[in-house]
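**Q** build me a structure from this.
(2 chains)
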2 protein chains.
Amino acid sequence: MTVASTATPTGSAGVTATRTADVIVVGSGPAGLSAALFAHRLGEQVLVLEKGATHGGTAVKAAACFWVPNNDLMRARGYHDTKESTLRFIARSARPLGYDPADPHLGLADWQYRQLEAFYDNAWTAVQTLQEMDALHTTIDSPLGVLLPDYLVLPEDETPVGRALFPMRADGTVGDGIDMINQLKAGVDRRGIPLLLHHQVTDVVLDDTGAVVGVTAATPQDPATTFSARKAVVFASGGFTHNDEMRRNFLSGPTFGGCAVTTNTGDFIDIAGRLGTQLRNMNYAWMAPLLVEKAIAQDPGLHGICLCGGDAMLWVNKYGRRITNEKAPYNEATQSFFHWDPHRAEYPNIVQFMIWDQRVADRYGFEGYGNPVPPDPDQAPHVLRAGTLGELADRIDQRLARLAPHTGGVRLEPGFTDTLRTTVATFNAYARAGKDPEFHRGETPIEPLYSGPAQEDNPANPTMYPLADTGPYYAVIIGAGTLDTKGGPLTSPNGQVLGRSGAPIPGLYGVGNCVASASGQAFYAGGATIGPIFAMAYLTAEAASREPVRQPATR
Amino acid sequence: MTVASTATPTGSAGVTATRTADVIVVGSGPAGLSAALFAHRLGEQVLVLEKGATHGGTAVKAAACFWVPNNDLMRARGYHDTKESTLRFIARSARPLGYDPADPHLGLADWQYRQLEAFYDNAWTAVQTLQEMDALHTTIDSPLGVLLPDYLVLPEDETPVGRALFPMRADGTVGDGIDMINQLKAGVDRRGIPLLLHHQVTDVVLDDTGAVVGVTAATPQDPATTFSARKAVVFASGGFTHNDEMRRNFLSGPTFGGCAVTTNTGDFIDIAGRLGTQLRNMNYAWMAPLLVEKAIAQDPGLHGICLCGGDAMLWVNKYGRRITNEKAPYNEATQSFFHWDPHRAEYPNIVQFMIWDQRVADRYGFEGYGNPVPPDPDQAPHVLRAGTLGELADRIDQRLARLAPHTGGVRLEPGFTDTLRTTVATFNAYARAGKDPEFHRGETPIEPLYSGPAQEDNPANPTMYPLADTGPYYAVIIGAGTLDTKGGPLTSPNGQVLGRSGAPIPGLYGVGNCVASASGQAFYAGGATIGPIFAMAYLTAEAASREPVRQPATR
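**A** This is a model prediction of the structure:
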C-alpha cells in the first residue's frame, strides 16, 4: 500500500494533470463544471474526471436555460418574487397529494423543504458568481422573443415569468446549451483545472474512518487508476436514463429511453449504495415524448420532443383517438402515455402517432427543440408519408409490425382509420372554433411559444388549424422518455451525501441528476433542471472547501 | 469481542430459545413461517425473530389464497397447465412494454425470467411439502362457491381457473389468512422452532470475509442483542407500506398508506443497502383502493377494498364523473386514481367517492374483503349518509374540508352535484341495459364474484343495478393504497441476496415482499402474492441449508 504517485497524465485538452487534488469532480455537465469552478474560486486544487469522449454532458444538446428565483434581471424588468410564492409553487407541483399550505414545511419532507429553501436563497448568487468569474453570461431574453413563462399554471405561482434565464453569447444574442457549456469550459480552462476525458469512475476510496479520500477510475490505459482527493469527491455524473433495468425498476411509467448523454447509466447509485445511502425521488424524471424508433436504436442524437411543431397536427393512440393536449409542456404530455386500461390489461396510449399535413410540413419543418417535423421529410426515415389517412394508417401499422419486439407488440386496432377520420373531423371543428374543450390545447401561455413559428391565419388559437382535406399526410411514432432521471442518494442542502443514519458521509458530495431532486414529480418551468444545479454546486463547493485535509487515497 | 453466549430467553409461546441457530428467519408471515419450516425439515436449527407483538404478518387479516401453477388439485379437476402458458401470462402482465413472445426470455430481464421459472417449477412441490409436514392444508375450492378465476383476462393465459388454492380448515371448509397462519404456526410450534416476538432486527452482522453470520435486534430488554447464525439469515420482513418516505420516493403513484401489518416499514432495504445490493421492482406494489380516513388515521384494522360490494353503487371523482370500472380487480381499479391532468396540474381522481343507495345498504352490508358497505352504517363513522344526492355532496365536501391537510386540499368542484346526477342517470341506463360501454363493468369472470352476494333481479349484469330515485344515499371517500409493496434487493431464484457485482452475499437470503418480486407491475391473479412466496421459501431453505457452517457472530 503506497500513497498514490503524482504522475502526470495528459488531459484531453493537453492539460497536464495530477492524480491528486483537493476536490475531485466526477462529470463535466453544468453541475460538474460549475462545481469545479466554484471550488477553484475558493482556492482548491480541482480535478474533473469525465467518463465520456467529450465534455459537457446532456446540456450540450439541450436548449439550456436556468430557472433562478428572485434574480436581478427580473427585478430590473419590474417582476417581484417572494420566497413564499416560489416555495409554494414548487411544493404544490412537486408533491400534489402532500401539499399543505398550512404546514410550516408545506407538507414536504424536511430534506425536500430545506433543499428548496437553499435553492431559493442561493441560485442567483451562484449565477452572479459564475458571471463574475467570466464563466457564464446571462440574459433574461429567451430565443422565443418574449420572457419564458413557467410551464405549470397554478395560483401559488405569483410570478409566472422572469425566473427563467438563458446563456448569452458574446454578441449579446440568446445562447443555447452548447454556449453555456462553452462558457463554463472556457472558465475551467482559464483556471487551469484539468479535465480528463475517458475516465469512468467506478468506485470511491475510503480511509479507515470511512471518509471518502479518492476514487478509482477506468481509463483507456488502466482499468483501475486511483485518484486521491484531499478534501472531497463531488459526483455530478448524471441520472440513469441509459440504464434499462433502473428505468424499468424505478420510474413511475414505462419508457423507451431518453436523450440524456449516453454515459448517464446511474453509476453513482451503485457506487454510493454500498456506503448505506438513502435513495429519494427515484420514481420521477424530467420527462419528454420522443421518437420511438430513435430511442430503440439508441441514437445518440435523440432529442426529447420539447417543441411539437405545427398547428394542423394531432396525436392519436392505436385506436385512432386523441388523448391529450399535444402542446402541453413535454413532461406533462408524457404522462398521457402511462394510462392503464384494466379491462384490456394494456397501456392503450403507450405509443402514439403524431400526424400532420403538407401545409405543416412546409411551414413548421425545422431542427431544434426536438421538433418532430423535419425540414426535409425525405431525409427522415422515421417520418411516414401517405396520400390518404387510410394509407397512412397502413404505413404506421407496417412500421409497428417491425417495431413489435420493442413495443410489447403494439399494432393498430381494427377500426383505427374510421376513428382517426372522426377524430380529425372533431379536431378540425375545434381548430375552427379556436377552442379545444376536451384537452384545452393552447390555453396556457407556454403553448403558443412551443408551437413553432406563429401563423397569421388562425388568430383565435395559434396552436390549432384544421388538417387539410387531402393528403399527403405525415406521421411519426412517439413514446415516453426522459431528458434525464432525477432520483438518487439523499443529500444535505449543501450536497453532502447522507448515510443511513442521516449523517453526512465525510468527503462525499453529489450535485444534479445523480442525486435526489427536491422537485419531486414536477417540471414546473423551463430551467427547473439547471437552476437548482447551479445553486447546489455553489453550496457544495463551499462545503467541500470547508472539509479538513485528509490523508490521500492509497492504492 | 466474545462469541455470543447461548443464553436462553423465553419465546412468546413459552418456547425456550437460544441466541444461536443454523438459520435465523426475520419475520413470521407466510414467507417467514414457511421458510422456517422448510429449513427445519432439512435438519437445521431455526430461530424466528418477529418485530411485532404478534406473529403472522399481513396474512392474518388477508383473504389468503396462493396461486400455484400446474398443481395436482387442478389436474384432478381436468385443468391442464403448461409452463409456457404460465410464463407468458405473467411476463405479458408483468412488463407489458417489454413483452416479446419471440424472445427466449419473453422480453424479461434474466433475473426475472429465472425467478418465474423457479416459481413454476417449485410452487406445487412447496405446497405439497407443507401439506406433508401437516403445516398447511389446501383446497381448490374457494369461499366464493366456484373456482377462483385469474384477475387479468389475456390470451396468453390458457388456464384461467385452477391455479388459485386456499387454506382448508380441519372441518374441510375453505379457510382464510388466519387459518393459513394458524396451520403454519402450529407446524412451527410442533417442531419446537422458537419464535421471539418484539424482536426488531436492526442490522446484519458480518464476519471478516463479508459473510452474514448473524443479526442485531432491538428487544424490550436490550436495544442491540446479537443473534448468531451458523449458516444463514433469511429476511422475510415484508415491504415498505408503512414508510411514508419510501412510498413517496419509490412508488409509481401517490398513495395514502396501506393495509400491510404496521411493522412493514421497509427495514430490509436499509439493512441490505449498505452491503451493496441492487434494488428491483421498487415502483410497483400489490395495490388496492382503501378508505382514506382509515388510512390517514393509520388504523391497524384497515383493509384494502378487495371486494367492492353492491350493484347500485358507483365511484365518482371530485367533478362528479365516473372514471373507472368499480368492479375491476383491486390492483387494476387503483390505477385510476393516478391519472394526471396536465391542464390543471392535478390528479383529478386522487380521491373518489363510492356512492350507494338504501337497497344496497340493506343487501350488501357485511364485513370482509374490505367491503366498504358496512353491516350497520351507524357504526361506521367514515360512512356519510344523506337524503338526497345534493345533501350527500354537502356531506362529502364537509368531510373533505376536514381531511384537506392530508389530501392536497381536494374539495368538490363547482357543478359536482349536477354532474353527479347526470352520471347516475347514465349509470342507471347502463344498468338497465346490462352493459357498461365506457368501463366494461361486469364483463370479466372475477367481477360478479367480487360483487358481494348475487341478486336475483338483474340477470343481464349482476354487478349493476339502477340507483334508487330517492334517498337515503351513502358515500365513503376512497383512495389508492397498497396491500404491501413488492420491491427490494435483487435475489437469485433461491433467495440469495445478490451484491453489487451480481454474486450472492454469503449467508444472506430474502423471501417475499421484502425483496424484488418477479411479478413486475402485475397482480395477475388472487394468490399471486403467496404462491410465489411458498416456492421461494422452499428454494431458499434448500440453499440456506447447503451453506457452510461459519464462525458465529460476535458482539
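
**Q** give me the mean pLDDT for the host helix or strand of A:Asp179.
**A** Using DSSP states H and E, A:Asp179 falls within helix A:177-190. Mean per-residue pLDDT for helix A:177-190: 98.

**Q** again, but for stretch A:202-219
**A** Taken as a whole, stretch A:202-219 has a mean pLDDT of 96.

**Q** any idea how far apart the tips of that stretch sit?
**A** 10 Å (Cα to Cα, to the nearest Å).

**Q** my guess is A:Ile533 meets A:Ser34, correct?
**A** Yes. Counting by Cβ atoms under 8 Å, A:Ser34 is a contact partner of A:Ile533 at 7.1 Å. All C-beta spots, glycine's among them, are computed from the backbone N, C-alpha and C.

**Q** between those two, point out the one with more neighbours.
**A** A:Ser34 (34 against 28; other Cβ atoms under 10 Å in any protein chain shown).

**Q** can I get the helix or strand bottoming out on mean pLDDT in chain A as CSV, trimmed to CA atoms?
**A** Lowest mean confidence among the helices and strands of chain A (mean pLDDT, DSSP states H and E): helix A:446-449, at a mean of 92. Output in CSV follows, covering the C-alpha atoms of helix A:446-449 (Å, rounded to 0.1, in the frame of the first residue of the first chain):
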residue,chain,number,x,y,z
ILE,A,446,-46.2,28.5,-22.8
GLU,A,447,-48.1,26.6,-25.5
PRO,A,448,-48.1,29.0,-28.4
LEU,A,449,-44.4,29.7,-27.8
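
**Q** quick one: distance of that helix to the chain centre.
**A** How far helix A:446-449 lies from its chain's middle: 19 Å, per Cα atoms, centre = their mean, to the nearest Å.

**Q** what about that helix and chain B, any contact?
**A** No. Helix A:446-449 lies out of reach of chain B by Cβ under 8 Å from any Cβ of the partner chain, never closer than 10.3 Å.

**Q** what lies in contact with that helix?
**A** With contacts defined as Cβ atoms under 8 Å, 6 or more residues apart in numbering or on different chains, helix A:446-449 is touched by A:144, A:146, A:148-151, A:325, A:327-329, A:441-442, A:454, A:462-463, A:526.

**Q** could you find the closest non-adjacent residue to whichever residue of the stretch 51-200 of chain A sits closest to chain B?
**A** Residue of the stretch 51-200 of chain A nearest chain B, by Cβ to the nearest Cβ: A:Leu97 (4.0 Å). Excluding the flanking residues, the one nearest A:Leu97 by Cβ to Cβ, 6 or more residues apart in numbering or on different chains is B:Pro254, at 4.0 Å.

**Q** if I pick that neighbour, what's in contact with it?
**A** If you count contacts by Cβ under 8 Å, 6+ apart, then B:Pro254 has A:95-98, B:248, B:338, B:347, B:350, B:480 around it.

**Q** center of chain A - which residue?
**A** The centroid of chain A falls nearest to A:Leu483 when counting by Cα atoms, centre = their mean (4.0 Å).

**Q** neighbouring contacts of the helix or strand hosting A:Ile269?
**A** Element membership for A:Ile269, per DSSP H and E: helix A:267-273. Contact with helix A:267-273 is made by A:26, A:51, A:200-204, A:235, A:237, A:240, A:246, A:279, A:488-489, A:497, A:508, A:510, A:514-515, B:273, B:276-278, B:500, as judged by Cβ under 8 Å, 6+ apart.

**Q** which among those count as buried?
**A** A:26, A:51, A:200-204, A:235, A:237, A:240, A:246, A:279, A:488-489, A:497, A:508, A:510, A:514-515, B:273, B:276-278 (16 or more other Cβ atoms under 10 Å in any protein chain shown).

**Q** on that earlier part again, show me what the helix holding A:Asp179 is packed up against.
**A** Judged by 3 or more Cβ pairs under 8 Å, 6 or more residues apart in numbering or on different chains; DSSP states H and E, the packing partners of helix A:177-190 are helix A:30-41, strand A:164-167.

**Q** mind redoing it with 10 Å?
**A** helix A:30-41, strand A:46-49, helix A:110-132, strand A:164-167, strand A:195-196 (3 or more Cβ pairs under 10 Å, 6 or more residues apart in numbering or on different chains; DSSP states H and E).

**Q** would you map the helices across the stretch 451-555 of chain A?
**A** A:530-546 (DSSP state H, counting those that start in this stretch).

**Q** can you pull out the strands in it?
**A** Using DSSP state E, counting those that start in this stretch, the strands of the stretch 451-555 of chain A run over A:473-485, A:488-489, A:496-498, A:504-510.

**Q** average pLDDT for the third one?
**A** Regarding strand A:496-498, the rounded mean pLDDT is 98.

**Q** which other residues reach it?
**A** A:111, A:204, A:212, A:232-235, A:268, A:272, A:275-278, A:280, A:488-492, A:503-510, A:514-516, A:539-540, A:543-544, A:547 (Cβ atoms under 10 Å, 6 or more residues apart in numbering or on different chains).

**Q** what residues are up against A:Arg363?
**A** A:309-312, A:373, A:452-453, A:455, A:465.

**Q** mind redoing it with 6 Å?
**A** Contact analysis of A:Arg363 by Cβ atoms under 6 Å, 6 or more residues apart in numbering or on different chains lists nothing.

**Q** repeat for A:Ser252
**A** Residues near A:Ser252 by Cβ under 6 Å, 6+ apart: A:283, B:252.

**Q** on the pLDDT front, check it for me.
**A** 97.

**Q** got the phi and psi for it?
**A** A:Ser252 adopts backbone torsions of phi -70, psi -20, taken as degrees, to the nearest 10.

**Q** one more: A:Ala295?
**A** Dihedral angles for A:Ala295 - degrees, to the nearest 10 - are phi -70, psi -40.

**Q** what count of nearby residues applies to it?
**A** Residues near A:Ala295, counting by other Cβ under 10 Å: 21.

**Q** any idea how far it lies from A:Gly409?
**A** With distances taken as Cβ to Cβ, to the nearest Å, A:Ala295 is found 17 Å from A:Gly409.

**Q** same thing with A:Lys486?
**A** Taking Cβ to Cβ, one finds A:Lys486 at 31 Å from A:Gly409.

**Q** ok, these two, which is more surrounded?
**A** A:Lys486 (31 against 19).

**Q** and the pLDDT at that one?
**A** Each residue has a pLDDT score; the one for A:Lys486 is 98.

**Q** my read is that it contacts A:Ser517, right?
**A** Yes. With contact taken as Cβ atoms under 6 Å, A:Lys486 and A:Ser517 are classed as touching, separated by 3.8 Å.

**Q** can you list residues touching both of these two?
**A** Shared contacts of A:Lys486 and A:Ser517 (Cβ under 6 Å, 6+ apart): A:Asn281.
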